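A.B. asks: Everything below, folded, please.
(one chain, ligands or ions: 2)
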Amino acid sequence: MHRLVRGARTLLPIALLVPVFADAQAPAASHSRTDTAFEREFGDKFLAAYWELNPDYAISVGFYRVADRLLVPDDASRAAELAFVDRWQTRLRRIKPEMLNDSNRADWVLLDNEFEGTRWALTQQRSWAWNPANYNVAEPFAVLMNTEYAPLEQRLRTILRRLENVPAYYAAAKGSIARPTREHTQLAAEQNRGALAVFGEEMQKLAAGSALPERERALFEQRRLAALAAIEDFVSWLEQLDQQLDREGARPFRLGRELYERKFAYNIQSGNTAEALYKRALQEMERLHTRMDLLADQLWPKYFPNLAPPAERLEKIDQLIGRMSEQHVAREELLDEVRRQIPELEKWVTDKQLVTLDSEKPLEVRVTPEYKRGVAIASIDAPGPYDPKANTYYNVTPLDGFSPERAESFLREYNRWMLPILNIHEAVPGHYVQLVHANKSPSRIKTIFGNGAMIEGWASYAERMMLESGYGDHTAEMWLIYSKWSLRSVCNTILDYSVHVLDMSEMDGKKLLTRFAFQSTEEASAKWRRVQLTSVQLTSYFSGYSAIYDFREQLKRELGEQFDLRRFHEQFLSYGNAPVILIRQLMKPGEKATAP
Ligand code: ZN
Ligand code: ZN
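C.D. replies: Numbering: from 1, shown residues only. Ligands and ions are numbered 1, 2, ... in the order given. This next block holds a predicted model:
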């Protein structure tokens, strides 16, 4: 529901925090010779080499110089990637991080983590062998067709060169896959079936109607058809593979404790274990239930004047939320209501001096473009580090295609109190405001190798911070619905860890979501599917949120009267998408790293 659309890398965005701050008491000079050396080595020179090996990710961040390359995912390309990591990590470690200024030191840590994590993913996790959903060529082609970064003919020539490798790409994919999970095999078949649409009529018409010479148009058509054939062949190969796995046994989708903890360390970079976060989430669930119980007692007579509440607290809360959810916008008013709320949120944030907004970077609310639909109902579409002047869009997917029942269920979920929380999370002062601040940081490294837990954590922190500032008038309704929303990220953490490490069953998983987090059976089914297909990512919301909240509370205690909320927010956001643990160290130079 609240996924940030910024393109996915083939490899996971990974990082491991290492204790490099032994000398943190001695603040580095603001710009030393070491800084100059670091910036020369790990500026454009490093990135140019990186993009050569990661052209899909390059396209997703708006760097098109390598866009005509489609890498063939075979042993040779994986070996090249490993060699790249070894080479650049050696160069990086020749530079002493304690000699760098804050910003460069953060970049150093992010890069070192990226190298460690990539090596681990290629050699230990090896999802390239067991997750066939890694293989799909569609998205970068769709971006090249739909983004007017260059004249049409130039883009078509880029697509033409890229198309050439599609058959080799899928041949290499087949050669790489070995005893995958059934869940990822089925997902890959489904998603590649969806990919066929990108190479269909629209692409054909685009080329046929262009000013390309006849010879090139013919070659384009030939390669387009070959790409279609390769994808179709891959899909039927996957379908056969799935039957074979059914007979002969597949890899289990559960990651297991060891891989899970390592992946958590690289991806989340909280300095703590997944197990510790899981235990904290269990406590938080109990705290929220206790709070909701009290709020429900207050609200019950207002919504059920002539009815005694059920004795069981979860039952009582569930019935009350059900009644309150009747207050929602009509389906055709959804987009207008979002449009109305954004300026209201902006005014609140400015009046209450919560964080400075940039009036030169307006947020445009729009209907989600067709080719981006299907993942989230609302998302922020932000310009990448190579095109910071481009517009930022708040995509809202209209409910046009929904059945009346499905639309109703959606509108009840995003009821009168929940819809503003969604807008806070996605837009103001959540993802959109964070991204505007992050783009001011001159470091491309922090944008490109940024930490997902910090990004999701900030958006989640922003929700609570807004309510604390009085948005929603401190009504019991607002806090109750907010608590339900919080239970979603808390239970995401519990579910993810329980499923991948503790062998939680499907029945227990769905019970956790429907009974303890008050979700619909439809939402619980979708989440069950997601937890089978992903791991660790679902913990990023709660992990980032709790780290930011704890840090703020600690600073408030230490600084007392001197604590200034806006100053805290702006300094916090000024480090780009660095992990929270690193921001803490940079904001409090005396604090030692607590690395795993
Ligand atoms: Zn989000
Ligand atoms: Zn209704």
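
A.B. asks: Would you map out the domains in the chain?
C.D. replies: According to automatic domain parsing, the chain comprises the domains 14-125, 134-248, 314-587.

A.B. asks: Need the mean per-residue confidence for the longest one.
C.D. replies: Taken as a whole, domain 314-587 has a mean pLDDT of 92.

A.B. asks: can you give me how far it is from the chain middle?
C.D. replies: Mean C-alpha position of domain 314-587 versus that of the full chain (Cα atoms, centre = their mean, to the nearest Å) differs by 11 Å.

A.B. asks: okay, how far is it across it, tip to tip?
C.D. replies: Using Cα to Cα, to the nearest Å, one end of domain 314-587 lies 41 Å from the other.

A.B. asks: Count the neighbours of the closest residue to Ala274 other than its chain neighbours for me.
C.D. replies: Nearest residue to Ala274, sequence neighbours excluded (Cβ to Cβ, 6 or more residues apart in numbering): Phe264, at 4.0 Å. In short, each C-beta sits where N, CA and C put it, glycine included. Other residues lying near Phe264 total 29 when counted by other Cβ atoms under 10 Å.

A.B. asks: List the residues that contact Phe264.
C.D. replies: Thr273, Ala274, Leu277, Val536, Thr539 (Cβ atoms under 8 Å, 6 or more residues apart in numbering).

A.B. asks: any idea which element it lies in?
C.D. replies: Per DSSP states H and E: Phe264 is located in helix 257-268.

A.B. asks: ok, and for that helix, which residues are buried?
C.D. replies: Neighbour-count burial for helix 257-268, counted by 16 or more other Cβ atoms under 10 Å, picks out Leu259, Tyr260, Glu261, Arg262, Lys263, Phe264, Ala265, Tyr266, Asn267, Ile268.

A.B. asks: Please apply the same query to stretch 271-280.
C.D. replies: Buried residues in stretch 271-280, counted by 16+ other Cβ under 10 Å: Gly271, Asn272, Ala274, Leu277, Tyr278, Arg280.

A.B. asks: Sort those by pLDDT and name the bottom one.
C.D. replies: For the buried residues of stretch 271-280, the weakest pLDDT value sits at Gly271, with 91.

A.B. asks: That one against Ile581, yeah?
C.D. replies: Yes - the pair Gly271 / Ile581 is scored as a contact, 4.5 Å apart, by Cβ atoms under 8 Å.

A.B. asks: what's the most distant pair in the contacts of Phe264?
C.D. replies: Thr273 and Val536 (12.2 Å; Cβ to Cβ).

A.B. asks: Would you map the helices across the stretch 51-200 of the chain?
C.D. replies: For the stretch 51-200 of the chain, the helices defined by DSSP state H, counting those that start in this stretch occupy 55-60, 75-93, 102-120, 127-130, 138-146, 152-163, 166-176, 182-195.

A.B. asks: could I get those helices as CSV with distance to Arg331?
C.D. replies: Shown next, in CSV, are those (distance: least, Cβ to Cβ, whole Å):
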stretch, distance to Arg331
helix 55-60, 32
helix 75-93, 47
helix 102-120, 43
helix 127-130, 39
helix 138-146, 27
helix 152-163, 36
helix 166-176, 40
helix 182-195, 25
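
A.B. asks: Mind naming the longest helix for this protein?
C.D. replies: Using DSSP state H to define each element, the chain has its longest helix at helix 214-248.

A.B. asks: What residues sit buried inside that one?
C.D. replies: 216-217, 219-220, 223-224, 227-228, 230-231, 234-235, 237-238, 241-242, 245.

A.B. asks: picking up where we left off before, chain center to the helix holding Phe264, what's the gap?
C.D. replies: 17 Å.

A.B. asks: can you pull the buried residues of stretch 553-564?
C.D. replies: Leu555.

A.B. asks: Gly249: neighbouring residues, count only.
C.D. replies: Neighbour count of Gly249, defined by other Cβ under 10 Å: 10.

A.B. asks: For the stretch 351-500 of the chain, what lies in contact range of ligand 1?
C.D. replies: With Cβ under 5 Å from the ion as the criterion, the stretch 351-500 of the chain meets ligand 1 at residues Glu456, Ala459.
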